[in-house]
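Peer 1: I would like the atomic coordinates for the input below:
(one chain, ligands or ions: 1)
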Amino acid sequence: MNEKDTVLVFGATGNIGPHTVSRLLDKGVDTRVLVLENDPNLGRIPEGAEVFYGDLADPDSLDASLEGVTSVFLMWPFFTLGVETAPDVVKKIKNHTERIVFVSSIGVHIGLEPVDNNCHAYLEELIEKEGMEWTFLQTTGFCCNAVTAWADQIRSGDTLSFPYGAAARSPIHEEDLAEVAARALTEKGHAGQRYVVTGPEALSQIEQMQIISEALGRELTWVDVPHETVREAMVAGGWPEAYADGALEYFAMLVDEPEKVTGTVERVLGKPPRDFREWAFDNAHKFR
Ligand SMILES: NC(=O)c1ccc[n+]([C@@H]2O[C@H](COP(=O)([O-])OP(=O)(O)OC[C@H]3O[C@@H](n4cnc5c(N)ncnc54)[C@H](OP(=O)(O)O)[C@@H]3O)[C@@H](O)[C@H]2O)c1
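Peer 2: Next up is the predicted model:
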């Protein structure tokens, strides 16, 4: 760590941001967070971070938080915010610092980005063009996606209805992704790297459910829901059609071609990635 490191973290109330903030604070880094005013999730920000209020939709609102930073952890909330302001946000960041770590997606790595209309690829391109020292974390799905997607059903019954149970992903533990990010934000040697960050093994969704079942000590049964039924529900629930199609096509593909497993976490951190079992036993309370 450099004595003068000051890092700004976006998404500090989300899935990865709070862990990244904690890792940085553990390293003794001056850590700032940029959050929306009146954000209902402010309680998720670890104590010790300096809080700035602003909005990625309003690039000028970021000025105060960027003053004097040495690196920025950026994620873009694609589901709730378009990319119209992304060019100005990236320019602002470049005006204040040389180093940026961006949470991208494995979809860019495998050339399958219709999943999100090329949003991650678009951000990567913008950042690269600005000529900063960048590191892109081209990540697989997070372990905690299981909470977002499945917890309500598991809490209320023993059946889990979801599409493509045989689709195999290599989910990344949030703590591992955050540790990789914290290294890239504060150490030399990560500039210009597209890190394809994955968990240690590909597990079908049914296998993931069975591990959660063991952690809960309760039998769960998978029910495969047809593609079209799920698509309709996703779109009715607010998913843009292109996102819904992309996500479902990707899952269909993973039935025959399990998601890649890389050694990135071990190479960067010098220790193997945490597995889904560890995550599930640590987070079982979220399904109770
Ligand atoms: N989830 C995955 O499996 C996955 C896989 C690959 C890549 N990624 C990427 O990883 C990143 C995190 O994804 P996630 O789905 O887990 O989301 P998340 O961490 O919940 O991220 C959303 C964060 O952005 C904040 N936010 C929302 N609108 C904002 C705005 N206008 N200005 C500033 N901050 C705003 C949210 O605040 P509040 O919610 O508190 O309002 C929250 O902290 C994203 O870039 C995503 O594309 C995710």
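Peer 1: Now do the same for Pro273: helix, strand or coil?
Peer 2: Here Pro273 is coil, with the state taken from DSSP: H, G, I helix; E, B strand; the rest coil.
Peer 1: ok, the closest residue to it other than its chain neighbours - contacts?
Peer 2: Setting aside the residues directly before and after it, Pro273 is nearest to Val265 in space (CB to CB, 6 or more residues apart in numbering), at 3.9 Å. (Each C-beta comes from the backbone N, C-alpha and C, glycine too.) Applying CB atoms under 8 Å, 6 or more residues apart in numbering to Val265 gives the contacts 172, 176, 179-180, 197-198, 200, 271-273.
Peer 1: Can you pull the phi and psi angles for Val265?
Peer 2: Backbone dihedrals for Val265, given as degrees, to the nearest 10, come out at phi -60, psi -50.
Peer 1: quick one: Thr97 and the ligand, what's the gap?
Peer 2: From Thr97 across to the ligand, the span is 18 Å (CB to the nearest ligand atom, to the nearest Å).
Peer 1: Which pLDDT value belongs to that residue?
Peer 2: The model reports Thr97 with a pLDDT of 94.
Peer 1: For the residue lying closest to Val261 once chain neighbours are set aside, list the residues it contacts.
Peer 2: Distances taken as CB to CB, 6+ apart put Ser170 closest to Val261, at 4.8 Å, once the chain neighbours are dropped. Contact analysis of Ser170 by CB under 8 Å, 6+ apart lists 140, 198-203, 258-261.
Peer 1: export those to JSON lines and tack on pLDDT, neighbour count and secondary structure?
Peer 2: Output for the contacts of Ser170, formatted as JSON lines (pLDDT from 0 to 100; neighbours: other CB atoms under 10 Å; DSSP: H, G, I helix; E, B strand; the rest coil):
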{"residue": "Thr140", "pLDDT": "96", "neighbour count": "24", "secondary structure": "coil"}
{"residue": "Thr198", "pLDDT": "98", "neighbour count": "27", "secondary structure": "coil"}
{"residue": "Gly199", "pLDDT": "98", "neighbour count": "27", "secondary structure": "coil"}
{"residue": "Pro200", "pLDDT": "98", "neighbour count": "21", "secondary structure": "coil"}
{"residue": "Glu201", "pLDDT": "98", "neighbour count": "17", "secondary structure": "coil"}
{"residue": "Ala202", "pLDDT": "98", "neighbour count": "19", "secondary structure": "coil"}
{"residue": "Leu203", "pLDDT": "98", "neighbour count": "22", "secondary structure": "strand"}
{"residue": "Pro258", "pLDDT": "96", "neighbour count": "17", "secondary structure": "coil"}
{"residue": "Glu259", "pLDDT": "95", "neighbour count": "21", "secondary structure": "coil"}
{"residue": "Lys260", "pLDDT": "94", "neighbour count": "14", "secondary structure": "coil"}
{"residue": "Val261", "pLDDT": "97", "neighbour count": "16", "secondary structure": "coil"}
